[in-house]
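Enquirer: Could you look at this predicted model? Sequence included:
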Amino acid sequence: MTLHSRIEAAARGLRIGGPDATVTFVNGDDHDTVTWADLHGEARCMAAALQSRGVLPGDHVGILGPTTRALVTAIQATWLCGAAVVMLPLPMRMGSLDRFIDQTRERIRQADSKLLLLDGQFAEFVQWTEGDPPFVQFDEALPADPALRMGEGSFHRYPDDPDALAVLQFTSGSTSEPKGVMLTHRAMCANLDAAVQAGGLDADDVIVSWLPLYHDMGLVGLLGIAMTTAIGLVQGAPQDFLAKPIRWMRWITDFGGTCTAGPNFAYVLAARALRRAEGIDLSKLTLVLSGAEPVDPDSFRAFAFEAGRFGMPDTALFPAFGMAELCIAGTFPTPGVGMTTDLIDGRVLEQEHFAASAKPGAANARELAFLGKPVPGLNIRIIDRTTGKHCRDREVGELQITGTSLTSGYYKNPEATAELIVDGWLHTGDLAYTVDGQMVICGRIKDVIIIGGRNIYPQDIEKVVGELADVRTGNVIAFGQEGRAGKQFAVVVAETRADDLDRLEATIRTTVMAEVGVPATVVLVPPTTIPKTSSGKLQRSACRLAYEAGDYTAVDADATIDLSSTSQRV
């Protein structure tokens, strides 16, 4: 099947949800509710307008705008035309507006977009120039009069093609330049089915999301599931959550949310907001997914404690693994079990690439979250990167995945595709291990810092530094650099508003040495300096390149470390 046919069936009440299933768009503290059937009627009207402008099956349509009803309608209309959706990210910070405009234009052209659909508020920033495809604003493709929105006009329903592209999803570029991930209808449908089955979703569920729709977890994982199954959805905007994190919890309260998802940093913000909250009811939550970035058991557990005061059961916690190259869902835990973790010896992991069990309170003990087993249709294996042999339980190697929902490759990038998929197995670039079929992620291969024969995972450094007073949570990056004789040392870049920078630098160095056992060069920078992807992930490679280019300079952490630049604060 295709997304097109599933959307039609959902609108008729023939999928999981009934004909009266709704999607609610929340805007700050206001909301607008519409049935999936009515939104489908509007999407058919917009699809007819797109077809009148020459959009045909197989074309690529760029879509740019904040999270609104019109944006979701545009996404569905593009699929109804048989075209591929190319979601364009919004700027993370207004200070980067010029870069955002340049990157948007580059991505539109890189994707060979036939047309750009955009929200009118971006028209003054992203203006048409020679070489661009036609630009069409949402309100030009959808009548302002609600009575006219349900008319289908001259919409033509083309035959289904399961192997056509449904989404051209550009990776967030957390370790490299963004690549266009090609996702077919066949792969998308297989992954959505797998996620629904593995997550145990049914007609009584209500999904609550604030995740950006230009990110795979928001577009495919939550909106895609709801739109193609007619499960209830409450869709907010990331800027509303970030401006006031308690809104996420209030949306769950007000609309009876049962399922939600977010990256690790979101649960840190939510826990903090819940400490001061009143009148919240989270008792209906049954699935609270943490993904998109490494799951920190302490942070997730702290959220569970605060949310538990408002009725959320611990069994709702759902740490999972996914990636754009799988559409979204990779491994899921068993619903209703809650978070389970593995306590291992960190030094053995670093030196022997083996996850040896450790006792609570033991020196060097490190806690990692189990991320479950492959969703239906997928298989995983862990491969030793040196020998190419299959790893046994607790042996650390590269995670490789095969199955029904793999990407068909990177758009117009055969070299990268050949590196990504070898003999049908997708090479994730993640270091992982398994225990009785359950998978644990240790970190990214490209991010590992090798010091004195130890494989130091940057998130270990980022975690202990991020917990310090005066350091902005979620705004710390650690990476490796070469010093004398090619030996690596650790660099820590941390955002702060502290006045006493000397004290904070000393505290960071002492903490990293005490907790991780390595010397660190410390770079303190003001808020909004740390480079992040459009979805909020830390960009370690970009940060390292900026440091190497002299954009960041630092106070020397150790007199034996040879730095290439004069040490000072940013």
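Expert: Structure's in. What do you need?
Enquirer: Domain ranges for the protein, per the record?
Expert: Listed by automatic domain parsing, the domain ranges of the chain are 3-290+297-309, 330-446, 451-548.
Enquirer: a markdown table for these, including mean neighbour count and mean pLDDT?
Expert: The way it works is simple: take the backbone N, C-alpha and C, and place the C-beta from them, glycine included. A markdown table is the format used below for those (neighbours: other C-beta atoms under 10 Å; pLDDT from 0 to 100):
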| stretch | mean neighbour count | mean pLDDT |
| --- | --- | --- |
| domain 3-290+297-309 | 20 | 91 |
| domain 330-446 | 18 | 95 |
| domain 451-548 | 19 | 85 |
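Enquirer: could you redo the ones you listed as JSON lines and give each row distance to Phe318?
Expert: Shown next, in JSON lines, are the domains of the chain (distance: least, C-beta to C-beta, whole Å):
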{"stretch": "domain 3-290+297-309", "distance to Phe318": "4"}
{"stretch": "domain 330-446", "distance to Phe318": "6"}
{"stretch": "domain 451-548", "distance to Phe318": "19"}
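Enquirer: Which one of these lies nearest to Gly322?
Expert: domain 330-446 (4.6 Å; C-beta to C-beta).
Enquirer: how far does the closest one sit from the chain's center?
Expert: The chain centre lies 18 Å from the centre of domain 330-446; the measure is C-alpha atoms, centre = their mean, to the nearest Å.
Enquirer: ends of it, how far apart?
Expert: This stretch, domain 330-446, spans 20 Å end to end (C-alpha to C-alpha, to the nearest Å).
Enquirer: One more: stretch 464-473?
Expert: Using C-alpha to C-alpha, the end-to-end distance of stretch 464-473 comes out at 10 Å.
Enquirer: what's the answer for stretch 537-552, then?
Expert: End residues of stretch 537-552 are separated by 20 Å (C-alpha to C-alpha).
Enquirer: do the same with stretch 21-41
Expert: Per C-alpha to C-alpha, stretch 21-41 runs 14 Å from first to last residue.
Enquirer: in the stretch 401-550 of the chain, which spans are helices?
Expert: Secondary structure of the stretch 401-550 of the chain (DSSP state H, counting those that start in this stretch): helices at 414-420, 458-466, 501-515, 540-548.
Enquirer: Tell me which of the domains of the chain lies nearest to Thr315.
Expert: domain 330-446 (4.3 Å).
Enquirer: Make CSV from the helices of the stretch 401-550 of the chain and add distance to Leu213 to it.
Expert: Formatted as CSV, the helices of the stretch 401-550 of the chain follow (distance: least, C-beta to C-beta, whole Å):
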stretch, distance to Leu213
helix 414-420, 24
helix 458-466, 27
helix 501-515, 37
helix 540-548, 23
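Enquirer: closest one to Ser154 among those helices?
Expert: Nearest of the helices of the stretch 401-550 of the chain (C-beta to C-beta): helix 414-420, 38.1 Å.
Enquirer: Which elements pack onto that closest one?
Expert: For helix 414-420, the contact count by 3 or more C-beta pairs under 8 Å, 6 or more residues apart in numbering; DSSP states H and E identifies strand 409-410, strand 425-435 as packing neighbours.
Enquirer: Check the chain for its longest helix and report it.
Expert: Assignment by DSSP state H gives helix 36-52 as the longest helix of the chain.
Enquirer: Work out the gap between that one and the centre of the chain.
Expert: On C-alpha atoms, centre = their mean, the centre of helix 36-52 falls 28 Å from the chain's centre.
Enquirer: Tell me the helix or strand right after it.
Expert: strand 60-64 (DSSP states H and E).
Enquirer: how far off helix 36-52 does that next one point, in degrees?
Expert: With axes from the mean of the first three to the mean of the last three C-alpha atoms, to 10 degrees applied, the angle from strand 60-64 to helix 36-52 works out at 120 degrees.
Enquirer: Can you name every helix or strand that whatever helix or strand comes next after strand 60-64 contacts?
Expert: Next helix or strand after strand 60-64 toward the C-terminus (DSSP H and E): helix 69-80. Applying 3+ C-beta pairs under 8 Å, 6+ apart, one finds that helix 69-80 contacts helix 3-11, strand 22-27, helix 36-52, strand 60-64, strand 84-87, helix 138-141.
Enquirer: mind saving the C-alpha coords of the fifth one as CSV?
Expert: In other words, strand 84-87. Extracted in CSV, the C-alpha atoms of strand 84-87 (Å, rounded to 0.1, in the frame of the first residue of the first chain):
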residue,chain,number,x,y,z
ALA,A,84,7.6,13.3,-2.4
VAL,A,85,7.6,15.6,0.6
VAL,A,86,10.8,17.6,1.2
MET,A,87,10.4,19.2,4.6
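Enquirer: when you give positions from now on, start the count at 445
Expert: OK, 445 is where the count begins now, so the last one is strand 528-531.
Enquirer: Need the residues that contact it.
Expert: Strand 528-531 has contacts (C-beta atoms under 8 Å, 6 or more residues apart in numbering) with 502-507, 519, 522-523, 551-552, 555, 557, 608-614, 657-658, 663.
Enquirer: let's see it at 7 Å
Expert: Residues outside strand 528-531 that contact it (C-beta atoms under 7 Å, 6 or more residues apart in numbering) are 504-507, 519, 522-523, 555, 557, 609-612, 657-658, 663.
Enquirer: And the residues you listed, which is closest to Pro603?
Expert: Among those, and counting by C-beta to C-beta, the member closest to Pro603 is Trp523, at 14.2 Å.
Enquirer: Next one: Gly691 relative to Val678, how far apart?
Expert: Quick fix: residue 691 is Arg, not Gly. Separation of Arg691 from Val678 (C-beta to C-beta, to the nearest Å): 11 Å.
Enquirer: should've said Arg947
Expert: Going from Arg947 to Val678 by C-beta to C-beta gives 44 Å.
Enquirer: Just the pLDDT for Ile1005.
Expert: Note on Ile1005: pLDDT of 29.
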